[in-house]
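> mind folding the following:
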Amino acid sequence: MLASRLAVLLQRHGIHYAWVIAAITFLAMLVTSAALGLPGVLMQPLAVEFGWSVRDLSSVFATRFALYGLLGPFAAVILLRYGVSRVVALAAAVIASALMLGLFMHSLGQAFVLWGMVLGLGTGLTAMVLGATVANRWFVQRKGLVMGLLAGSSATGQLLFLPAAAWLIAQYGWRWALLPVVAASAIVLVLVLLFMRDSPAQMQLAAYGADPAAAPAAPAPRA
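As a prediction, this is how the structure comes out:
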């Protein structure tokens, strides 16, 4: 497997595979944040093109924040039950699909379903609990640093993507503004499928900073 080969290669250079997991998690949370904030910059061009009022669009898009918040308490249970890699991959796929299908929407009801409900569910699958889950599983030392970096991914995502989206809207139209987030979601999906693992045990490793001799046996695969 690519993940095992990469872990061995990094180990030769004194780098723990936990940092790969942290980097992928950072990217996943960054893209989630960008997707969550993106509809906000699209309200004005959507109102102009389709004749929808900003008030109606605000009500529709508020659904994504409501679902994101409501799913937060359950995200940890979902991650524990189905595994971090599966849930993050599903979230990336849902986010990319919701945004891509938005290219073809023509009614306020479609906007509500795609960018209210589906996008809210996709971003809410991980919420902020993903960073804490990864940090607690993969790190004994530097756990606070990792949690701080992952928490900062939310601001970083909007800082990187939303100004770019506003520029693309002004230059080429709102549909082009979706593509960077869709592409980033697809990249995250591929990285998760190839390299993300639920715990150090699946890589026959101890957590970063733990006693290497205490590495637990890999758990049985889920049905």
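> torsion angles phi and psi at residue 140?
phi -100, psi -50 (degrees, to the nearest 10).
> what about it, neighbour count?
Neighbouring residues of residue 140 were enumerated by other Cβ atoms under 10 Å; the total is 13. Every C-beta, even on glycine, is put in place using the N, C-alpha and C of the backbone.
> from residue 29, how far off is it?
Remark: distance between residue 140 and residue 29 (Cβ to Cβ, to the nearest Å) = 21 Å.
> contact partners for the residue nearest to the spatial centre of the chain?
Closest to where the C-alpha atoms of the chain average out (Cα atoms, centre = their mean) is residue 28, at 3.3 Å. Applying Cβ atoms under 8 Å, 6 or more residues apart in numbering, one finds that residue 28 lies in contact with 88, 91-92, 126, 130, 188, 192.
> which strands and helices sit next to the helix or strand bottoming out on mean pLDDT in the chain?
Evaluated with mean pLDDT, DSSP states H and E, the helix-and-strand set of the chain has its lowest mean pLDDT in helix 54-82, which scores a mean of 86. Packing partners of helix 54-82 (3 or more Cβ pairs under 8 Å, 6 or more residues apart in numbering; DSSP states H and E): helix 18-50, helix 108-111, helix 119-124, helix 129-138.
> how about the first one: buried residues?
Think helix 18-50. Of the residues in helix 18-50, those buried by neighbour count under the rule 16 or more other Cβ atoms under 10 Å are 18, 20-22, 24-43, 46.
> mean confidence for that helix?
Averaged over helix 18-50, pLDDT sits at 92.
> coming back round to it: how far away from the center of its chain is the least confident helix or strand of the chain?
For helix 54-82, the separation from the chain centroid amounts to 13 Å (computed by Cα atoms, centre = their mean, to the nearest Å).
> what does the helix or strand just after that helix contact?
Scanning the chain past helix 54-82 towards its C-terminal end, the next helix or strand to appear is helix 84-101 (assignment: DSSP states H and E). Surrounding helix 84-101, the residues in contact under the criterion Cβ under 8 Å, 6+ apart are 25, 28, 31-32, 35, 38, 78-79, 114-115, 118-119, 121-123, 125-126, 130, 133-134, 137, 178, 181-182, 185-186, 188-189, 192-193, 196-198.
> then helix 84-101 to CSV, C-alphas only?
Output of helix 84-101 as CSV, limited to C-alpha atoms (Å, rounded to 0.1, in the frame of the first residue of the first chain):
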residue,chain,number,x,y,z
VAL,A,84,-12.4,8.8,10.2
SER,A,85,-11.2,7.9,6.7
ARG,A,86,-14.6,6.8,5.6
VAL,A,87,-16.5,9.8,7.0
VAL,A,88,-14.0,12.3,5.7
ALA,A,89,-14.0,10.7,2.2
LEU,A,90,-17.8,10.8,2.2
ALA,A,91,-17.9,14.4,3.4
ALA,A,92,-15.5,15.5,0.6
ALA,A,93,-17.5,13.6,-2.0
VAL,A,94,-20.8,15.1,-0.8
ILE,A,95,-19.3,18.7,-0.8
ALA,A,96,-17.9,18.3,-4.3
SER,A,97,-21.2,16.8,-5.6
ALA,A,98,-23.4,19.5,-4.0
LEU,A,99,-21.3,22.3,-5.5
MET,A,100,-21.0,20.7,-8.9
LEU,A,101,-24.7,20.0,-9.2
